[in-house]
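>>> Return a 3D structure for these sequence lines:
(2 chains)
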Amino acid sequence: MLGVLLKKQLCEKLSYFRRDKKNIDYVGAILTLALLALMLFVIVEVFGAFVEKYTAIRMYGVADVRARQFEIMTLVYESVFLIGIISGVSMINRALFESDDRQILITLPVKASTVFLSKVISVYFKQTLTSLIATLPFISVFAAVTGQGAGYIALSVFAALLIPFASLAASSVLCMPYYYIKRFFQSKYLSLFIVITAIMFLLFWGYANVLDFMRTLMSTGEIKFFFSEKTMTAIINVTDKLVPANFIARFTLGIEAGKNFGILLAITVASAVTGLFVTSALFNKAMKIQNTRGGKIIFSDGKLRRRMSARTSLFVKEFETVLLTPDYAVEYFSVAAIMPLMVYFCMTIGKSLLKTLVFVENDFELAIFLTVLFGALTNTFPATNVSRDGRAFYMLKTLPLKITDVLAPKIAMNVTVSALSAGITAAVLAGKKFVSVPEGLFVFVVVMILSVAEILIATRKDLNKPRFSFDDDNVVRETNNNVSLIIVIGILLALVLGGIPLAVNVMQGLKGKNYGLFTYLFAGAGAVTALACAAAYAFSGIRKRFDALTEGD
Amino acid sequence: MKKQKHERTAQVIDGAPLEVNGLYKKYDKKSDYAVKNISFTCKRGEILGILGANGAGKSTTLKCITGMIPLSEGKITIAGYDIEKNPVEAKRRFSFVTDNHTVFQKMTGTQYLSFMADVYGVPTEERQAKYESLEKVFRLGDSVKKLISGYSHGMKQKICMMGSLMHDPELWILDEPMLGLDPRTQNAVISFMRDYVKNGKTILFSSHNLDIVRRICDRTIIIASGEIVTEIDLKNESRDNDEIIDAYYDCEKAENE
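Numbering: from 1, shown residues only, chains lettered A, B, ... in the order given. As a prediction, this is how the structure comes out:
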């Protein structure tokens, strides 16, 4: 039976390659490859330099290269292990409780443990691939810098295959508590939104601080003083206890290889058996709970609300749909909410980098560049403006509404969210004295003009080819060409309207000249031109497309 | 201007609830016609059924009538308003219940009913009473306070019907209305439909269920391969008359041959 289930999953995976070529997200694939290339470049440059400096550190006047190598690789493997656990919990949870086939499988004469095993095997292969992609660049750079041989690389690849066993075992144990926590929050929409936004805020805050700290260490040369004897003792103590990464690092570096391999194997087998046992025991119960749960009463009075105009009612509907759908609330409201923080931290780091590298300050141009760039992240959401309604969009066509009545409330919601996000961002930039108040106002106006342009393009693209969800919860989860396209447009607009004035001002700044007026003219005219082009694209033949939109499109 | 508006109103009162003239529809240039030369009229105060096998063209006809898809050829007027030239005015005069309960899943039942009342401009003071009268027929109970995404198929069908009736439409159009409804609700809906047309309203619905059509309709048209093949008046006939069954199976047989 396990073979049958695995074959079914393989067929489903292969169906991806048989789909309509028009549905393949080429832009997204290119964007992902570009991001991967950028990450690889950073790993090779930054990690290579770090390994070189770190392995040369002397404690009490003595250099212990082997010990430093062990510490670095322990931290690398432990990071991959922890990321594997987090993604594993989410993947197992999705495979068991959110997949389309669970309603069918529970009615078939298949043991819960078999279903679970088939899902975990599929997740294991995904994790192995991720683990290999994540560790290989580090292993290769480490081997090149420290002069390790082919044997080291072979052992490290073998170890990378073992990490998912250990991380998935831990994920299996954690996936049930995660499931119950998720269920608890499922109908507490506002709390969930606040909690996730707060977590995202903290994660980004932590990430930005680490990045800033590393930049300070590298650029000022303080790295030599940071790794004092006290810090090094702490690192040695921590890495010695980081299971299972410490055993993997020792095994691959040939430190008591046989013994460490044995321990590693024992840990993997023991945790795999425990994970399998715990989850199989709880799986069936959880499945039945999920199938019998009823909807929660969320507005208890049961009264119909006061009359609103059709457009206001549709506007309210858009907000309610996003707020009552956790995926959407996080994707849209949380991203919009943390945008000011993202711009603020990048502004701090960017300003400092410009000052250190070229000795000039061009905060105004940098602010335009960063706000336009991060604003595009928020504006990817309108790429589901039509798809979010699902098949109910067809029902809207039978109501006494004009196309403007249907689309204007969606665009109005997008503009409201963008305005709040960009407004707070501009206020933070002005409040923190990165820009003056008139400059902040200009940044806000430019970003809003470009946001409207991006929203119009995204909405029209979605109207041209909506992607309705066929899941029970009607949530659009597929990232598609439209989302990728808006990101690319956002990057290009940021590069052109923020990047060119920044480059011009940096070059003129070196000559002691100020080209502030150029920034106003170039960015302002560029934004208005972009909006005009977007509007021409969005409104051309829109009525015809709306009327023709039908099932099967 | 005011006079023109008045004349328009007078025309509305005189116009038939629905007139379909020479309707043709093909989904793309290469495909065959899904419906061909469909013409019929709905009279005020009647229940008209469109009967046909799966894929006969019932849903396509209804989608054209309701403006969900554009026509390839022909003309459709609702209370005198052309569905293509004056869609908003035409759509104010009917409401449509689809066969796959297309409804906003992330609304509660009350939010959905309020939304539909807003779209059709139902005054605040009338909507609660309207909801309570519909609740007596459809009996959603406390579920109306819950998110629609958690509803069963039958409950979704009920909320769709309730939403479509919030403004007492002149013409109520339904595609396979009894799908997913329990027998008690089916009976309640049937008697509701009979009462509804007594007040001068009109109902058009499609079905492939012969028994339902025979029990409810005053008149039925049978569609096969996208064309109207026959029309049967059931008002003056005995409800036990087998003419409709014979006609239906004759069409199906001819279609298969």
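>>> Just list the residues touching A:Ser191, thanks.
A:Phe185 (CB atoms under 8 Å, 6 or more residues apart in numbering or on different chains). Yep, even glycine has a C-beta here, placed from its N, CA and C like the rest.
>>> And the helices in chain B?
With DSSP state H as the criterion, chain B has helices at B:2-14, B:58-65, B:87-92, B:109-119, B:124-138, B:153-164, B:183-198, B:210-216, B:243-256.
>>> can you put those in a markdown table and add mean pLDDT and mean neighbour count?
Output for the helices of chain B, formatted as a markdown table (pLDDT from 0 to 100; neighbours: other CB atoms under 10 Å in any protein chain shown):
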| stretch | mean pLDDT | mean neighbour count |
| --- | --- | --- |
| helix B:2-14 | 41 | 10 |
| helix B:58-65 | 92 | 25 |
| helix B:87-92 | 92 | 20 |
| helix B:109-119 | 93 | 25 |
| helix B:124-138 | 92 | 15 |
| helix B:153-164 | 92 | 22 |
| helix B:183-198 | 90 | 15 |
| helix B:210-216 | 85 | 19 |
| helix B:243-256 | 70 | 14 |
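>>> so which of those gets nearest A:Leu510?
With CB to CB as the criterion, A:Leu510 lies closest to helix B:109-119 of the helices of chain B, at 59.6 Å.
>>> Just want the angle from that closest one to helix B:124-138.
With axes from the mean of the first three to the mean of the last three CA atoms, to 10 degrees as the basis, helix B:109-119 and helix B:124-138 are set at 130 degrees to each other.
>>> Please enumerate residues in contact with helix B:109-119?
A:299, A:302-305, A:307-310, A:312-314, A:317, A:320, A:399-401, B:103-104, B:107, B:127, B:130-131, B:140, B:143-146, B:148, B:151, B:159, B:162-164, B:166-167.
>>> buried subset of those?
Burial by neighbour count, 16 or more other CB atoms under 10 Å in any protein chain shown: within the contacts of helix B:109-119 this picks out A:302, A:304-305, A:307-308, A:310, A:313-314, A:317, A:320, A:399-401, B:103-104, B:107, B:127, B:130-131, B:140, B:143-146, B:148, B:151, B:159, B:162-164, B:166-167.
>>> Among these, which are located in strands?
Secondary-structure check on the buried ones among the contacts of helix B:109-119 using DSSP state E: no residue lies within strands.
>>> Quick check: which of the helices of chain B is nearest to A:Glu52?
helix B:109-119 (61.7 Å).
>>> Just the CA trace of the closest one, in PDB.
Once side chains and other backbone atoms are set aside, the C-alpha atoms of helix B:109-119 remain, and they are given as PDB (Å, rounded to 0.1, in the frame of the first residue of the first chain):
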ATOM      1  CA  GLY B 109     -24.300  34.200   6.400                       C
ATOM      2  CA  THR B 110     -25.500  37.500   7.700                       C
ATOM      3  CA  GLN B 111     -22.600  39.400   6.100                       C
ATOM      4  CA  TYR B 112     -23.500  37.800   2.700                       C
ATOM      5  CA  LEU B 113     -27.200  38.600   3.100                       C
ATOM      6  CA  SER B 114     -26.300  42.200   4.000                       C
ATOM      7  CA  PHE B 115     -24.000  42.400   1.000                       C
ATOM      8  CA  MET B 116     -26.700  41.200  -1.400                       C
ATOM      9  CA  ALA B 117     -29.200  43.600   0.200                       C
ATOM     10  CA  ASP B 118     -26.700  46.400  -0.300                       C
ATOM     11  CA  VAL B 119     -26.100  45.500  -4.000                       C
END
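>>> Relative to the whole chain's centre, how far out is that helix?
Distance of helix B:109-119 from the chain centroid (CA atoms, centre = their mean, to the nearest Å) equals 19 Å.
>>> the inter-axis angle of that helix versus helix B:153-164?
Using the same axes, to 10 degrees, one finds that helix B:109-119 and helix B:153-164 are set 30 degrees apart in direction.
>>> List the buried residues in the helix or strand hosting A:Gly3.
A:Gly3 belongs to helix A:2-14 when assigned by DSSP states H and E. Buried positions in helix A:2-14, judged by neighbour count with 16+ other CB under 10 Å: A:Leu5, A:Gln9.
>>> Can you list the helices and strands that the next helix or strand along the chain from it packs against?
Note on helix A:2-14: by DSSP H and E, the next helix or strand toward the C-terminus is helix A:26-42. Judged by 3 or more CB pairs under 8 Å, 6 or more residues apart in numbering or on different chains; DSSP states H and E, the packing partners of helix A:26-42 are helix A:481-493.
>>> Could you count how many residues lie near A:Arg94?
Using other CB atoms under 10 Å in any protein chain shown, A:Arg94 is surrounded by 14 other residues.
>>> Equivalent analysis for A:Val173, please.
By the measure other CB under 10 Å, the count of residues near A:Val173 is 18.
>>> Ok, A:Ile30 next?
The local packing of A:Ile30 (other CB under 10 Å) involves 12 other residues.
>>> Test my guess that B:Leu174 contacts B:Ile203.
Yes: shown here, B:Leu174 and B:Ile203 form a contact pair, counting by CB atoms under 8 Å, at 7.2 Å.
>>> rewinding a little: got the helices of chain B as TSV, with distance to A:Ala208 columns?
Written out in TSV, the entries for these read as follows (distance: least, CB to CB, whole Å):
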stretch	distance to A:Ala208
helix B:2-14	62
helix B:58-65	53
helix B:87-92	51
helix B:109-119	39
helix B:124-138	50
helix B:153-164	46
helix B:183-198	57
helix B:210-216	64
helix B:243-256	68
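>>> how much space between B:Ala123 and A:Leu531?
Rather than Ala, residue B:123 is Pro. Separation of B:Pro123 from A:Leu531 (CB to CB, to the nearest Å) stands at 40 Å.
>>> try B:Ser39
Applying CB to CB, one obtains 48 Å for the distance of B:Ser39 from A:Leu531.
>>> Which of those two has more residues huddled nearby?
Here B:Ser39 and A:Leu531 are set side by side on neighbour count (other CB under 10 Å), and the busier one is A:Leu531, at 18 against 13.
>>> How about the contacts made by the more buried one?
Residues counted as contacts of A:Leu531 (CB under 8 Å, 6+ apart) are A:Ile449, A:Leu450, A:Val452, A:Ala453, A:Leu456.
>>> Including neighbour count, could those go into a markdown table?
Formatted as a markdown table, the entries for the contacts of A:Leu531 read as follows, by neighbours: other CB atoms under 10 Å in any protein chain shown:
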| residue | neighbour count |
| --- | --- |
| A:Ile449 | 21 |
| A:Leu450 | 30 |
| A:Val452 | 22 |
| A:Ala453 | 24 |
| A:Leu456 | 23 |
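>>> just those residues now: which is nearest chain B?
Distance to chain B, by CB to the nearest CB, is smallest for A:Leu456 among the contacts of A:Leu531, at 23.3 Å.
>>> Can you report phi and psi for the residue of the stretch 151-257 of chain B found nearest chain A?
Per CB to the nearest CB, the residue of the stretch 151-257 of chain B with the smallest distance to chain A is B:Tyr151, at 7.4 Å. Its backbone dihedrals place B:Tyr151 at phi -80, psi 150, with angles given as degrees, to the nearest 10.
>>> Make sure it is actually in contact with B:Ser143.
Yes: using CB under 8 Å, B:Tyr151 makes contact with B:Ser143 at a distance of 6.6 Å.
>>> Contacts for stretch B:80-95 next, please.
The list of residues contacting stretch B:80-95 from outside it, by CB under 8 Å, 6+ apart, reads A:398-402, B:11-12, B:14-15, B:17-18, B:64-67, B:70-71, B:75-79, B:120, B:164-165, B:167, B:169-173.
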